[in-house]
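Peer 1: only geometry, no sequence info:
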């Protein structure tokens, strides 16, 4: 193959990666926000690319007396996302694998505290023995609160 | 000719590579284990190694304003950063900080149904966003939608939250997460400024607001971690001593905390996280904190 063709293919691959990255941003806007009402989106943007098997953690303060909804939305080609809510001592307060893999969670706090949201995209059964073919896709985590 | 084409193509490839790689702004920051106190928690360092991506989130301006309202704060327009100051902001740092500050003022005004002020501050935020080349985050259409929903606070809040989402996603998409961090810091300090001023309005300090202000110690840790991710950026470097000064004051607040427990309301399916926390803010510390916040915020709106 001529060198300039190879370079053009590389450019196309890089562009497709960039395009998919932008699509991840619009995913948060278009798909995830629809699961928040009647809670009002706080306006924060938490959307990122995950490979199957990848883990991320988000640290955020939540305030007493406020009612929150957390929504986790993921690309259809990914298996359902696992998430845990931990307090600052890393005690698990909620684990969606014990609640039918729900992708949204409503909660309120009696005292303000910092919580850790741990997100994991599990490796799908089809890819456990075939790690070279794992998928990747967009995951968005959004928070809403009640307008009192 | 062939040599020349390959040369240009190579140049394009290198440019594209740099452009694309710069967009992965969500990677775990270096030395994150050093930035967070893990001395008393052996498992924490191990967990960080397992988490490939770590994020620190601050309350959005809308959330901060909602917390003020929930604390029964009264509305006082004189506390907002005057929109006459817009022309002063010509640097990336001042525009990013004041985009956050005006967004916070906009949220505060909108939650108290101050429609015309909300429209004016949305326009001010638009100017800052345009100055930062944040394209289409706040359009003329946004202002028109705001005007046509004057009697529907939920719709107004939806419009405002959409503009935050647009601004932040644009900055992250374009490898400008440090600008986004400055914007959030500006919004956070403005919320804190309004809260400290309102808490001192009456003869005695408003206890609910004082407690709410003390709660900001939780977000201050995250402010520190978020800004430290971009400590090589000159604008952020200039802010870090201010954050350190605030942290030294917040650390004087006395806090005792018991482990968290949860209970679920089967009817509403809402989980309540229970934890007994006692917070004591000595009056002298509160006053020192308020004065420091006021001094820093006034510095940012003058820059």
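Peer 2: Cool, the structure landed. Predicted, not measured: the structure shown is a model, and the values here were computed from it.
Peer 1: Count the residues that sit near residue B:250.
Peer 2: Close neighbours of residue B:250, defined as other Cβ atoms under 10 Å in any protein chain shown, add up to 20. Using the backbone N, CA and C atoms, a C-beta is placed for each residue, glycine as well.
Peer 1: Test my guess that it contacts residue B:292.
Peer 2: No - with contact defined as Cβ atoms under 8 Å, residue B:250 does not count as touching residue B:292 (10.0 Å).
Peer 1: For the closest residue to chain B within chain A, give me phi and psi.
Peer 2: Residue of chain A nearest chain B, by Cβ to the nearest Cβ: residue A:43 (3.0 Å). The phi/psi pair for residue A:43 (degrees, to the nearest 10) reads phi 100, psi -10.
Peer 1: just the helices in the stretch 51-200 of chain B please.
Peer 2: B:61-70, B:92-111, B:115-131, B:140-148, B:153-173, B:177-199 (DSSP state H, counting those that start in this stretch).
Peer 1: measure residue A:33 to residue B:77 for me?
Peer 2: Residue A:33 sits 31 Å away from residue B:77, going by Cβ to Cβ, to the nearest Å.
Peer 1: So which of those two has more stuff around it?
Peer 2: A direct count of neighbours by other Cβ under 10 Å for residue A:33 and residue B:77 places residue A:33 higher, at 19 against 12.
Peer 1: about what we covered before: can you tell me which residues contact the closest residue to the residue of chain A closest to chain B other than its chain neighbours?
Peer 2: Nearest in space to residue A:43, with sequence neighbours left out and distances taken as Cβ to Cβ, 6 or more residues apart in numbering or on different chains, is residue B:164 at 3.0 Å. Going by Cβ atoms under 8 Å, 6 or more residues apart in numbering or on different chains, residue B:164 touches A:42-45, B:60-62, B:103.
Peer 1: Pipe the residues you listed into JSON lines and attach neighbour count and pLDDT per row.
Peer 2: JSON lines is the format used below for the contacts of residue B:164 (neighbours: other Cβ atoms under 10 Å in any protein chain shown; pLDDT from 0 to 100):
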{"residue": "A:42", "neighbour count": "25", "pLDDT": "92"}
{"residue": "A:43", "neighbour count": "27", "pLDDT": "89"}
{"residue": "A:44", "neighbour count": "21", "pLDDT": "89"}
{"residue": "A:45", "neighbour count": "25", "pLDDT": "84"}
{"residue": "B:60", "neighbour count": "29", "pLDDT": "92"}
{"residue": "B:61", "neighbour count": "31", "pLDDT": "91"}
{"residue": "B:62", "neighbour count": "30", "pLDDT": "92"}
{"residue": "B:103", "neighbour count": "33", "pLDDT": "95"}
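Peer 1: Just give me the closest of those to residue B:273.
Peer 2: Closest to residue B:273 out of the contacts of residue B:164 is residue A:42 (17.9 Å), distances taken as Cβ to Cβ.
Peer 1: pretty sure the closest one is touching residue A:143, no?
Peer 2: Yes - between residue A:42 and residue A:143 there is a contact under Cβ under 8 Å: 5.1 Å.
Peer 1: got any ranges where chain B has weak pLDDT?
Peer 2: Counting by pLDDT under 70, chain B shows low-confidence ranges at B:1-52, B:202-205.
Peer 1: In it, which residue sits nearest chain A?
Peer 2: Residue nearest to chain A within chain B: residue B:164 (3.0 Å; Cβ to the nearest Cβ).
Peer 1: now that residue: how far from residue B:118?
Peer 2: Separation of residue B:164 from residue B:118 (Cβ to Cβ): 14 Å.
Peer 1: cool, and residue B:136?
Peer 2: Distance of residue B:136 to residue B:118, computed by Cβ to Cβ: 20 Å.
Peer 1: ditto for residue A:93
Peer 2: Residue A:93 sits 36 Å away from residue B:118, going by Cβ to Cβ.
Peer 1: So if I had to pick from these two, which one is more boxed in?
Peer 2: Higher neighbour count among residue A:93 and residue B:118: residue B:118, with 25 against 20, using other Cβ under 10 Å.
Peer 1: and that one, what is it in contact with?
Peer 2: Contacts of residue B:118 (Cβ under 8 Å, 6+ apart): B:106, B:109-110, B:146, B:156.
Peer 1: Among the residues you listed, which one has the most neighbours?
Peer 2: Using other Cβ under 10 Å as the neighbour criterion, residue B:106 leads those with 30 neighbours.
Peer 1: got the residues of the stretch 101-250 of chain B near chain A?
Peer 2: Contacts of the stretch 101-250 of chain B with chain A, taken as Cβ under 8 Å from any Cβ of the partner chain, map to B:153-154, B:157-158, B:160-166, B:168-169, B:172-173, B:212, B:215, B:218-219, B:221-222, B:225.
Peer 1: Any of these buried? List them.
Peer 2: Neighbour-count burial (16 or more other Cβ atoms under 10 Å in any protein chain shown) applied to those gives B:153, B:157-158, B:160-166, B:168-169, B:172-173, B:212, B:215, B:218-219, B:221-222, B:225.
Peer 1: what about the residue nearest to residue A:141 when sequence neighbours are not counted, how many residues close to it?
Peer 2: Closest residue in space to residue A:141, ignoring its immediate chain neighbours: residue A:46 at 4.5 Å, by Cβ to Cβ, 6+ apart. Residue A:46 has 22 neighbours, counted by other Cβ under 10 Å.
Peer 1: same deal with the one 4 residues further on?
Peer 2: One way to gauge burial is a neighbour count; for residue A:50, by other Cβ under 10 Å, it gives 23.
Peer 1: again, but for residue B:131
Peer 2: Using other Cβ under 10 Å, residue B:131 has 18 neighbouring residues.
Peer 1: ok now do it, which residues does it touch?
Peer 2: Residue B:131 is in contact with B:89-90, B:95, counting by Cβ under 8 Å, 6+ apart.
Peer 1: And for residue B:104?
Peer 2: B:61, B:64-65, B:186-188, B:190-191, B:194.
Peer 1: pLDDT score for residue A:65?
Peer 2: Among the per-residue scores, residue A:65 shows a pLDDT of 88.
Peer 1: Check which helix or strand it maps to.
Peer 2: Assigned by DSSP states H and E, residue A:65 falls within no helix or strand.
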